[in-house]
Every structure is written in structure tokens, then in C-alpha cells.
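*Asks:* Sequence and predicted structure below; questions after.
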Amino acid sequence: MFVRLSTCVQRSKGTALWSLGLALLAAVELTAPLSAASQDGAGSVRGTVLDRDFEAPLQGATVLVVETGAQAETSSQGTYLLSELPAGTYTLVFSKDGYVRQVSTVAVGAGALTEADTALKGDFTEMEEFIVQDVLQLGGGAELVLLGLRFESSSLMDSIGSELMSRAGASDAASALRLVPGATVKDGKSAVIRGLPDRYISSQLNGVRLPSADAEKRAVDLDQFPSAAIESIQVSKTFTPDQQGDASGGAVNVVLKGVPDESILQFKAQVSSNTNVYGRDDFLTYAGGGVDAFGVNAGNDVQGENIGGDWDGAVGTSRGSAPAQYKLGAAMGGSRDLDSDWRIGGFLGLFYERDSSFYDNGINDSYWIDGGPGTPLTPEAKQGSVGDGDFKTALFDVTKGSESVRWGGLATFGVTSELNTIGLSYLYSRTADDTATLAVDTRGKEYYVKDVLGQPDYDPNDPMDPGHNTNNIDAAPYLRSQTLTYTERWTGSLQLSGQHSLGRDELGEAAGASFGPPELEWSAALSSANLNQPDSRQFGTLWKPASFKPGIPGIIPDITTDPVYAPFKPGANINFGNLQRVFRRIEENSEQLALELRFPFERGQGMDGFIEFGAYDDSVERKYDQDTFTNPGDSGDEFVAGFDEFWSDAWPDEIDHAIIASDTDVDYDGQQDIFAWYGMVDFPLDDHWSLIGGARFESTQIGIQNLPEADVFWVPPGKDALEVLTPGAADVDFQRDDILPALALVWEPSDRWTLRGSWSQTIARQTFRELTPIIQQEFVGGPIFIGNPNLGMSSLENWDLRADFRPYEGGLLSASWFYKDIDDAIELIQDLSPNGFSFTTPVNYPKGTLSGFEFEARQDLGRYDRDLNGLTVGANATFIESNVILPSEDAAEFADLGFPTEQRDLLSAPEYLYNLFLTYDVEGHGTQIGLFYTVQGDTLVAGAGISNNNYVPDVYAKQVGTLNLSLQQPISKSGVLRIQLKNLTDPAIQEVYRSQYIEGEQVKTSYTRGIEVSLGLSFSF
């Protein structure tokens, strides 16, 4: 059971954090006498030996004390310990076959623990074959370091390094995350870990949680961060008290590139081509569309002088030449020693990218069951009924073109000494996307004529077709919807951090443990995320064909009407016209402070542990502003033309299409404050067992002030009628405090085996949008969303088991099991408003569960057969089962309709995930080949609902696999050529209706991405 504190902790968030920091520092001072009391006796030397070329831990290196003859061998993590050394100065010799020997001098104090780290450089001329065999070629040393983090971390961790990202063709953090076991992304942007979506995931940049400008959720758009700026992506899959409380599914930490040890200068360039885009002269765009060089809006402001009159600018799509696709990048950095014991360095990386996408084979269909179970799906009837002969369908054939520009930079500055490290970094990323969408519904009319009227065929050009007579002309008319959306997103994060060893001497002994110098780590960050959508446009038309109307002989002649367009006004809001021009701006800023103080200790040789305390504060402010303009006075207009002509082409030259401001927009200001403090311990029970545990107190406060315009309506909680929203009526003031415990047990029966078990409690929060009980709709005709001010947070109980086996350095065999029990799971349902329109709203489902298994293997085949030297394979698979129990009132509604439904799968949880990769390094040539295949299984994207008293089945995204191939070849001492082929199988990306009450499945959406080919060059100096 979760512990919830009903009384708010009164505080000034900044004051509270720094007060705790001062208290922790005071604790350090109080422990100083322990250090003074331990100056008698022998001392010790410990450290880590790395491979200098690959920055990887070096196992089996010998550390010799010349003066005494004592020696030690480094562990699989590169660590060693020399104890019982009398006070004095000693010469240490570090050596290993195939490496250049290093000699250093250390001073050992009485009762003190001295750190002595070094890095050995490989002797390539004598041991080149040894290097090939003993360095995991899957990403080189960086992957070995990340594997080391996996085994040393207090939580279950999986990672991917920059080298593997490059070889897999991952262009950004979102695409790279798919290579991590159990991970995928939603909408190509936000993280999903083990089937749990964004609200259960803490997405971070260098450990700092970023704000989000997403209109629908507080999820960081990972596609904003290019691989050129990323050192690694680390995914912690279990909660420990030093993590944020909503890291239920995991914490995704994008680690940016830091200060290099040696000077570097790099340049990269790449050109790409997509089979859906290349060479097209019918690329979908619009007059005045496209993105400029730096993605900065120019000229798309509100036309204030034209309000009440005609507006300038295109309202529909047009065709043009396909844009170019390319990437540019540069990086430089280095470090140097100062006269004192400090080292200073910096890094600067710049990136620029232009991309595009296109498809003309898309569909987007809406179906329902208008009978009992077993009845076939039929097209959903909107704005009327089939029986009345006046209705619309939504069976759209979709063409879509998009072009984008992304650019930015990363600047890092750092200073370090033996005991201190201070770093300052700034990341800026800006993305502009311009998308034109053409959606045409002609299949609805064909369905009506063939399936309802029973005709063998339908001819839209025949005025005498039965579908064109007076009784049927308004049934499922042809529809054309054109959407033009230009979006700018930019994110900036300024981060200052420090790590400090508070002294050189041990603190002393307590409870059978020898405490080393305390370690202090802190960070402060100012971050912002912005979204600007200036003048997004949607234009809708319906078309009626020529119709023969027989007259009365001798009295009224026969008449054949002309084919004609009329405005298509989706019926959710009668005050809107067939053209909407929407201006939306979102700004979210955060201030974050974090502080942790660690007391490391040792209980015998190799039995290292720590006690840690920390505090965290995150304050987020969001401003949401939307202004909608429309043409409600054009309902009687028409345009005489055939369907192959577009009314949108003539519209800008017509007059009297007056645009006025809508009074139905709602702006809001939101604030979220999270304050936390925690304590945890990593305690070695003996040489093989360790216990990790602690608890985190976390306080959540969410406030929303709605700023409605005059004609905004809402449904007050507990009422069944729409009411005008008055200022303050729907404001939100939510508060909750939690204590979140965590416990883990680690067993290492040998150097090759690590077994972990953990238990924890975590939470999941609502978003600003979900708590706002007002009608929210980006475009008329689009999905309607109404928030729920009574929505509560979710509580989770998590269980995890993992067994890791390391057959050799860099090899891995792993199996995991996980189980999550969710109380008050937040899910989306379809509901019906008092005035008859359907909408989506969030509710707390009473119970949910998610469980599964993960398997992972990484093997260097050259270890088993010399003929396979350089060939490495890796694979991982995740199998997920999920379930949520519907609220009793929703289950009763389904039962009353004849479709009993008491439970379903969890949204966004795939049934399985597969990753398979194979890399081959050709000895002596530097050639590297990589083959990567990822599969995401069937995933529920929308739960079943009820619309106009008809049953709408679940919607699942079908299994999709992606196959990428990469080739890398050095062409000179400093130059490398890269060829990449992405999405080689080019599968259809589909969503389908699926239910126990229908036979088979029905496609809802479908499209293909195309195959991408890229050629790149990089030079490093």
C-alpha cells in the first residue's frame, strides 16, 4: 500500500533544497573527527586501469609495488586494491601483455586510502590480432564501458553507445532508443519502455528532466536530439530512490558528448534519397509552403487588418518538386593541463539537417458495428444517418508531403582536478516541419450505391446513376479535406553541474565499515521548450455530381444539374465554416536543482558500498495560447466544377469569404512543482550478496488557470448538460504527497554471474491537458478532447528479476522478468456529450497489470572460431502481457449495447519487441558492415468505444519490422566513407480494427515510408 501524506510540506522550493544541501555539508563537517582518529596504521591504494584507446575497463592488468613486491590484478571492471601498505612513497608499475607499461609514484598516508588510476596504451605493432579479438567490435570500447555501467548500476540498466548508433543509422535519440531491449517510441518521438508510455517514463538530458512543448502530453520529443550530439542513451528500468518518482517504466537519460581528453576536429556531410521522394515533380506542398534555411517563421502572422474580410494565402495543396535531403556537422574540442593540478577543456558541436517524406498510398477509415455481435463492420455515418439518405462517411485516401529542417549545437566547458569536476553545457535544437495533407473520400459513395442500394456498380460521371437521384444525392457525397501545417519546435537547456570528493582522507570506521571521503554531486538547470504553429489551415469541401431530374412532359422539362462543390463543415461546431486558420503557441520553462551526498565505504576487500542522501526540485511553467479564425458566413456558397478541379485553387481569387475570430478558444497557464528528498544505501552483505534500499518522499502540485473566450462551453463534473465556461470555474489545484520505497538484492556467485531482484513503488501523473475540463479541438472535424478535473494520479508496484551471464569480457547472455501492478491507471475512453457529439476523455481505470520477459545476447563469434573473427551478433526480445479493468459504468454501457467488455490491453503496450543485429569488421581493411532488424508487435492504440449507440472496436497497430544495412570504409588516414540503407523491406504501416465480436480485422490506416539510401563522408583530425 502506498503511503500518502495529506498535509502539504510548506516550503519555498529553492530555500528548502539549499537548506538541505547545507545540512548535508554540515554532516560532513561533523564526521571530520573520524578522519583524524584514523591516521595511525597502514594505508591502501586503489584505482581503475583503462584501455586508453577505447576508454574501456582493462581486466587482467598487473599492478606491482616495486618497493615491497606486493601486486594485484585488475577485475573485470578494471579495478584493483593494494592494502596494508605502511605510510610512505611507492612506485607502481602497471602492465599487461599487448600494452605499453606505465610507471607512477604515489604517496600513501597512515590509515588513508589513496586513489591511483591509469590508462594503458595498446602496443598495436606487436599485438594487433589480440586487440581485434579482445575488444568487442560492437561499438568498440564505448559499448564495453556501458556494459560495465550495466553491472555496476544500482538499478537494471540497458544502454546504447554513439558508435553502435552510427552503425545502425540512427539519426536521433528516438530512432536509437529502438535498439535498446524492451524500448520503442510512440509517434516517432516519445519513449515507451516495456510497454509503458510517456507518463510512466522520465526522459532526461544529462540527468536533467526537460520541459515539453507537446500539446497533448508532457513527453520530451526525442527526435529533436541528433545522434551527432549524443554520447550514449542509458535506460534504467527499475526505480531507485535517487530517480524521479514517475520512472515507473524507466528513466531514459540522453548523455551528451563531453570534453575530450585529446584535441579533435571533425567534419561530416551526408546526402540521402528516399524512394517515395526522389525525383518527384508531384511532391505535395502548397503555395508559399516550405521551410527556410533556419526554420524561422516569416510572414505567417495573424492578418489583423483583414479580420472581417478576405485573407491572403493558400488554403489548399499543390504539387511541386521534391526537396533535397542532406546533413552537415562539425565538432571540435580538447583539453589541457594548467600550471596547477587543474585541467580545462571544451567541446563544440554543430549540426544541420534537411529532410523530407512523402506517400500517396495512405488510407484513414472510420468503421463501426451498427448491429449486434457478429454483424460486419460498416462505414461510420456522420452528420446524419444511412436511413435518412443524408450523411457523410470517413473513408479517406491520403496523400501527404512533409519537409523539415533541424539545426543546433552543443557547447560544453569543464574544469577538473584530482578532487573536483565542474561542467557547464548548453544544448540548443530547433526543428521546423511543413506538412501538406490531402484526404479524399470517394469510397463512401461507392459503398452506399453498391452495399446499401444494391447496385452492381457506381459511375460518378453518369447523371442518371441511382446514387445521383434526388433521394440519394446527399448520401455519402465526395469529400476533400486539405490541411496545411507549419510547426516550429525549439529546445534549449543550460546545465551547470559539479562532482566533488570532500577530502583525501578516510572518514574512519563505523559498524564494521571503513568510510572513504564523502562525494558531493549537484546540478542546476534552466531549460525551455517552445512550439509555434502559425496559421495552420484546414479547408473542407463536399462535391455533388451532375444529377438528372426528370420533368413533367409538356409542363416541366428534364433538368441535369451541374456538378458542384459546397462547403464541408464538420458538425461538431455549427459556428465554424469550412475553413479554419489556427495559431497556436506553447511555451514551457523549467528550473531544476538536484543535490546528492554519498558516503562510500568498504567492508573488506572488494566489498564496496555507499550511503546516499539527496534532494530534488523541479518547477515547470506552461503557457498555452490558441487563436482560431474561420468563415461561418460561407455556408451557402458553391463552386461549379468537376471533382478533378479543386475549389481551393480558385478560393484565394474569390471575394466575400470573410474571416472572423472565433470565440471558442481557451488559453491556459499551468504550473507543476515537484519537490523530493531521499535516502538510500548500497550495502554489501558479504563477497557475493548486496542489499540496496531506501525511500523517496515526493510532493506534487499542479495548478491550472483557464482563460476562456466568450463562447466556450464545458461539462461540469456530475452534470449532463453543457454550460458556458466562466473564468475560474474549471481551474485546477491538485496536490499529492507520496513516500516511494525501493528494495533490491544483488547476488554475484562468480565474476561471470550477476542476479538481481527488486521491488519498488512509483507513480504516474496527469498532464495539464488531461485536467482541463473544456472542449479542446485542434481543427473542427478532428478528434474532440475534454479533460477531467477529477482525474487522479496512478500508483504502481513494480517487481523485477534479472540474470546476467558474462562468458567473456564484452559477451552477454541475459534474462529478465518484470511485473507491474497499476492502481487508478489513466486511460482514454470514448464518451457522448449531452448534445450528441463523441469525444475522448481520460479516466482512472480501477486496476491494471503489465508483465513480461526480456532476453538478450551479445556474442563475438571469433571467440568460438577464428574463421569468424570480426563477426559479432546480438539479439534481444521482449514479450509483454498487459491488462486493464474497465470502470463499472463503462463496462455496463458495453453490456447494455450487447458487447460485454470488462477488460482490455493497456494502451501503447506492444505484444513483443525484437532486435537483431550483426556486425562484421574486416581485419586489415578497416571495413565495418552492420545489419540491424527491429520488430514491434501488435500494439493497442485506441480502446473500444460507443458512438451514436454503435460499437467501435479496439484499434491495434500491426506488427512492423525495419531492416537497416550500413557499410563503413576508411578512405584515408582521416577520412571515412559511410553508406546506409534504411527500411529495406518497406512494410505497410497499418492500424486495424480488431475485436472478439468481429471476424478477422479491418484496416483503419495504412501507408509506407519508402526505402532510404544515404552516402556520407567524415574527416577527423
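*Replies:* Yes, it's here. These numbers were taken from a predicted model, which means no experiment stands behind them.
*Asks:* CA atoms for contacts and neighbours, from now on please.
*Replies:* OK.
*Asks:* V1013: neighbouring residues, count only.
*Replies:* If you count neighbours by other CA atoms under 10 Å, V1013 ends up with 19.
*Asks:* just A228 next, same as before
*Replies:* 26.
*Asks:* Quick check: it touching G329?
*Replies:* Yes. If you go by CA atoms under 8 Å, A228 and G329 touch, sitting 7.5 Å apart.
*Asks:* between the two, what contacts are shared?
*Replies:* G349, F351 (CA atoms under 8 Å, 6 or more residues apart in numbering).
*Asks:* Show the end-to-end separation of stretch 721-729, please.
*Replies:* Start and end residues of stretch 721-729 are separated by 15 Å (CA to CA, to the nearest Å).
*Asks:* and if you look at stretch 997-1013?
*Replies:* OK, stretch 997-1013 end separation, CA to CA: 43 Å.
*Asks:* so who does E262 touch?
*Replies:* G333, G334, S335.
*Asks:* One more: T700?
*Replies:* Q672, D673, I674, F675, F734, Q735, R736, D737.
*Asks:* Also G930?
*Replies:* Going by CA under 8 Å, 6+ apart, the list of residues near G930 reads R167, A168, F917, L918, T919, Y920, L965, S966, L967.
*Asks:* Let's see the pLDDT reported for it.
*Replies:* G930 is assigned a pLDDT of 91 by the prediction.
*Asks:* And for P518?
*Replies:* In this model, P518 is scored at 94, pLDDT.
*Asks:* Excluding chain neighbours, what is closest to it?
*Replies:* F599 (4.7 Å; CA to CA, 6 or more residues apart in numbering).
*Asks:* my guess is that neighbour contacts S514, does it?
*Replies:* No. Between F599 and S514 there is no contact under CA under 8 Å: 10.2 Å.
*Asks:* any common contacting residues for the two?
*Replies:* With CA under 8 Å, 6+ apart, F599 and S514 have no common neighbours.
*Asks:* neighbours of the residue nearest to P518, just the number please.
*Replies:* Neighbours around F599, by other CA under 10 Å: 19.
*Asks:* do the same with D337
*Replies:* 13.
*Asks:* and if you look at D686?
*Replies:* D686 - counted by other CA under 10 Å - has 14 other residues nearby.
*Asks:* any idea which helix or strand carries it?
*Replies:* Assigned by DSSP states H and E, D686 falls within no helix or strand.
*Asks:* mind checking how far it is from D644?
*Replies:* From D686 to D644 the distance is 79 Å (CA to CA).
*Asks:* And the longest strand seen in the chain, how far out from the chain middle?
*Replies:* As assigned by DSSP state E, the longest strand anywhere in the chain is strand 519-544. Relative to its parent chain, strand 519-544 has a centroid offset of 14 Å by CA atoms, centre = their mean, to the nearest Å.
*Asks:* Quick one: list the elements packing against it.
*Replies:* strand 478-501, strand 564-567, strand 579-602 (3 or more CA pairs under 8 Å, 6 or more residues apart in numbering; DSSP states H and E).
*Asks:* can you pick the most crowded of the contacts of T700?
*Replies:* Neighbour max across the contacts of T700 (other CA under 10 Å) = F675, 26 neighbours.
*Asks:* how much space between that residue and V681?
*Replies:* 21 Å.
*Asks:* ditto for G540
*Replies:* Counting by CA to CA, the gap from G540 to V681 is 62 Å.
*Asks:* partner residues bridging the residue nearest the centre of the chain?
*Replies:* By CA atoms, centre = their mean, the chain has its centre lying nearest to S190, at 2.1 Å. Beta-bridge pairing for S190 (DSSP bridges): K186.
*Asks:* how about it, what does it touch?
*Replies:* Contacts of S190 (CA under 8 Å, 6+ apart): A174, P197, D198, A219, V220, D221, L222.
*Asks:* which residues in the stretch 101-250 of the chain form helices?
*Replies:* 124-134, 140-152, 162-168, 173-177 (DSSP state H, counting those that start in this stretch).
*Asks:* so who does the nearest residue to N578 once chain neighbours are set aside touch?
*Replies:* Distances taken as CA to CA, 6+ apart put K569 closest to N578, at 4.8 Å, once the chain neighbours are dropped. By CA under 8 Å, 6+ apart, the residues touching K569 are G540, T541, F576, G577, N578, G781.
*Asks:* Please name the bridge partners of the second one.
*Replies:* On the basis of DSSP bridges, T541 is bridged to R480, P567.
*Asks:* And the pLDDT at it?
*Replies:* 96.
*Asks:* shouldn't it be in contact with A566?
*Replies:* Yes. Counting by CA under 8 Å, A566 is a contact partner of T541 at 5.8 Å.
*Asks:* out of these two, which sits in the busier spot?
*Replies:* T541 (24 against 20).
*Asks:* where in the stretch 501-650 of the chain is pLDDT low?
*Replies:* Low-confidence segments of the stretch 501-650 of the chain (pLDDT under 70): 570-574.
*Asks:* pLDDT of stretch 846-859, averaged?
*Replies:* Stretch 846-859 comes out at a mean pLDDT of 94.
*Asks:* Who are the contact partners of L828?
*Replies:* T840, T841, P842, V843, A942, G943.
*Asks:* Return the set of residues that bridge with it.
*Replies:* Bridge pairing for L828 - DSSP bridges - gives P842.
*Asks:* you'd agree D301 is up against D535?
*Replies:* Yes. Under the criterion of CA under 8 Å, D301 makes contact with D535 at 7.0 Å.
*Asks:* Give me the phi and psi for I774.
*Replies:* Backbone geometry at I774, expressed as degrees, to the nearest 10, gives phi -130, psi 160.
*Asks:* what about the stretch 51-200 of the chain, any weak spots by pLDDT?
*Replies:* 53-55, 122-155.
*Asks:* Now do the strands in it.
*Replies:* Remark: strands assigned in the stretch 51-200 of the chain by DSSP state E, counting those that start in this stretch are 56-57, 62-65, 71-73, 79-85, 88-95, 102-108, 113-115, 118-120, 157-161, 183-186, 190-193.
*Asks:* The stretch 751-900 of the chain now?
*Replies:* Counting by DSSP E, counting those that start in this stretch, the strands of the stretch 751-900 of the chain are 753-764, 775-776, 785-786, 794-805, 812-832, 838-860, 871-885.
*Asks:* Give the other helices and strands that the longest one contacts.
*Replies:* For strand 838-860, the packing partners by 3+ CA pairs under 8 Å, 6+ apart come out as strand 785-786, strand 812-832, strand 871-885.
*Asks:* right, so of these, which gets closest to D459?
*Replies:* strand 812-832 (36.7 Å; CA to CA).
*Asks:* Average pLDDT for that closest one, rounded please.
*Replies:* For strand 812-832, the mean confidence score works out to 90.
*Asks:* For it, which residues meet the burial criterion?
*Replies:* 812-831 (16 or more other CA atoms under 10 Å).
*Asks:* That strand to strand 753-764, inter-axis angle?
*Replies:* 20 degrees (axes from the mean of the first three to the mean of the last three CA atoms, to 10 degrees).
*Asks:* Great, nothing more from me.
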